[in-house]
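> dropping a prediction and its sequence here:
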Amino acid sequence: MRNIFIFIRRFFNLFTFLVLQGLCIGFLVKYNKTYEAVFANTANEITGRIDKRYNNVEYYFRLKDENAKLVQQNAALLRQLPESFKEKDSARVIKIDSLLKDTSGRIQKFSFLPAKVVNNSVSEENNYITLERGSLQGIKKDMAVTGPSGIVGRVIQVSENYSRVMSLLNHNSKVSAMLKKNNATGIVEWDGKSADYIVLHGISKSVQVQKGDTVITSNLSGNFPPGLIVGRVSAIEADPSSNFYTLKLQTGTNFYTLQHAYVIENMLWEEQRKLEAQTPKNQ
């Protein structure tokens, strides 16, 4: 307490000056319209700048929640894509769960489940991704995985709350893809050189191909819906020993910054695989 009194006594003149100065400014602003307008404008500008900085800080801390909302909204939109449905068979009448049928009678074939990426490798010979979504959340082995801007890979292992994805950046990954402009179909693989590029094999030299052409998943992709972005042609190499091109593609997905993904459920995939497995090999 004694130190407080000593401090006040030492700076008494300064405190008195500041109080009187504040009163003078207050009277000047209150009874002079010109100074009042200037003060109001200055105060508004300062307040506006403070509010802007506060909003920027608040927005930064809300980004996580906003991103989660966007992921959910994107998943809902992806479920409404035409490629996620198959046209109804008008020759038959089948009892179907109303949740899998839209107002036009189309049957939903693909469903998109949002998932968070919790681990991702890009520099290994065979790369994998771990998603924070497992069997308890509806994930099964062999489900396809896509990202906001392109396909990602395929689920190979599932636990209760996590799933392991074989990335496109894996020597064992093979996806059927086609050129968007002419439907020429080939197989996408990774050559192990760069996480930014993959290779499309099997495109005939008779097909017109240009740099920048878009490559999408084909109807033969199985667990992938047709029409999802795979990448864009960045280089064209004619194999002299065959009648096919080797196309270098820049991946649609940026695997270095991948944070969220969508696991795709093909609701008719199991039926298709069972039928194909039952087909006799000698027929």
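Now that the structure is in, tell me what you want to look at. Residues are numbered from 1 along each chain as shown.

> domain assignment for the protein?
Per automatic domain parsing, the structural domains of the chain span 2-63, 110-269.

> give the buried residues for stretch 246-256.
For stretch 246-256, burial by neighbour count (16 or more other CB atoms under 10 Å) applies to T246, L247, K248, L249, Q250, T251, G252, T253, F255. C-beta: built from backbone N, CA, C; applies to glycine.

> nearest residue to the first one other than its sequence neighbours?
It refers to T246. E237 (4.5 Å; CB to CB, 6 or more residues apart in numbering).

> am I right that the one you found is in a strand?
Yes: counting by DSSP: H, G, I helix; E, B strand; the rest coil, E237 is found in a strand.

> number of nearby residues for it?
The criterion is other CB atoms under 10 Å. On that basis, E237 has 10 neighbouring residues.

> end-to-end on stretch 239-246?
Terminal residues of stretch 239-246 are spaced 7 Å apart (CA to CA, to the nearest Å).

> picking that back up, want to throw the buried residues of stretch 246-256 into CSV with pLDDT?
Formatted as CSV, the buried residues of stretch 246-256 follow (pLDDT from 0 to 100):
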residue, pLDDT
T246, 91
L247, 94
K248, 95
L249, 96
Q250, 96
T251, 95
G252, 93
T253, 92
F255, 94
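
> what's next to stretch 274-283, contact-wise?
Outside stretch 274-283, not one residue touches it by CB atoms under 8 Å, 6 or more residues apart in numbering.

> now the helices for the protein?
2-10, 12-31, 33-79, 269-278 (DSSP state H).

> ranking the ones you listed by mean pLDDT, which is last?
Comparing mean pLDDT over these, the weakest stretch is helix 33-79, at a mean of 58.

> picking up where we left off before, now, the buried residues of stretch 246-256 that are in strands?
Counting by DSSP state E, the buried residues of stretch 246-256 place T246, L247, K248, L249, Q250, T251 in strands.

> surely the fifth one meets G231?
Translated: Q250. Yes: assessed by CB atoms under 8 Å, Q250 is found in contact with G231 at 5.3 Å.

> can you tell me which of the ones in strands among the buried residues of stretch 246-256 lies nearest to V188?
Set against V188, the nearest of those by CB to CB is L249 (7.1 Å).

> just checking, the closest one touches I236?
No: when contacts are counted by CB under 8 Å, L249 is not listed as touching I236 (10.6 Å).

> sorry, back to before: now the ones in strands among the buried residues of stretch 246-256 as a markdown table including distance to I151?
A markdown table is the format used below for those (distance: CB to CB, whole Å):
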| residue | distance to I151 |
| --- | --- |
| T246 | 20 |
| L247 | 16 |
| K248 | 17 |
| L249 | 11 |
| Q250 | 13 |
| T251 | 9 |
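
> widest-spaced pair of those residues?
Spanning the widest gap among these are T246 and T251, at 16.1 Å by CB to CB.

> residue ranges with poor pLDDT in the stretch 151-283 of the chain?
Residues of the stretch 151-283 of the chain meeting the criterion pLDDT under 70: 282-283.

> now do the shared contacts for Q250 and G231.
Residues touching both Q250 and G231 (CB under 8 Å, 6+ apart) are Y197.

> any chance of CSV for the domains of the chain, columns distance to T279?
Below are these laid out as CSV (distance: least, CB to CB, whole Å):
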stretch, distance to T279
domain 2-63, 51
domain 110-269, 15
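
> deepest of these, which one?
Across the domains of the chain, averaging neighbours per residue (mean count of other CB atoms under 10 Å) puts domain 110-269 on top, at a mean of 18.

> can you give me the end-to-end distance of that domain?
Taking CA to CA, domain 110-269 runs 9 Å from one end to the other.

> how close does the nearest residue to I8 once chain neighbours are set aside get to P114?
Using CB to CB, 6+ apart and skipping residues adjacent in sequence, the residue nearest I8 is F15, 7.3 Å away. According to CB to CB, to the nearest Å, F15 stands 60 Å off from P114.

> which one of the buried residues of stretch 246-256 is nearest T130?
When the buried residues of stretch 246-256 are compared against T130 (criterion: CB to CB), the nearest one is F255, at 13.4 Å.

> check contacts around that closest one.
Contacts of F255 by CB under 8 Å, 6+ apart are N120, V122, N127, V152, S167, L168, L169, A195.

> pick the one among the residues you listed closest to Q137.
Comparing the contacts of F255 against Q137 with CB to CB places V152 closest, at 17.2 Å.
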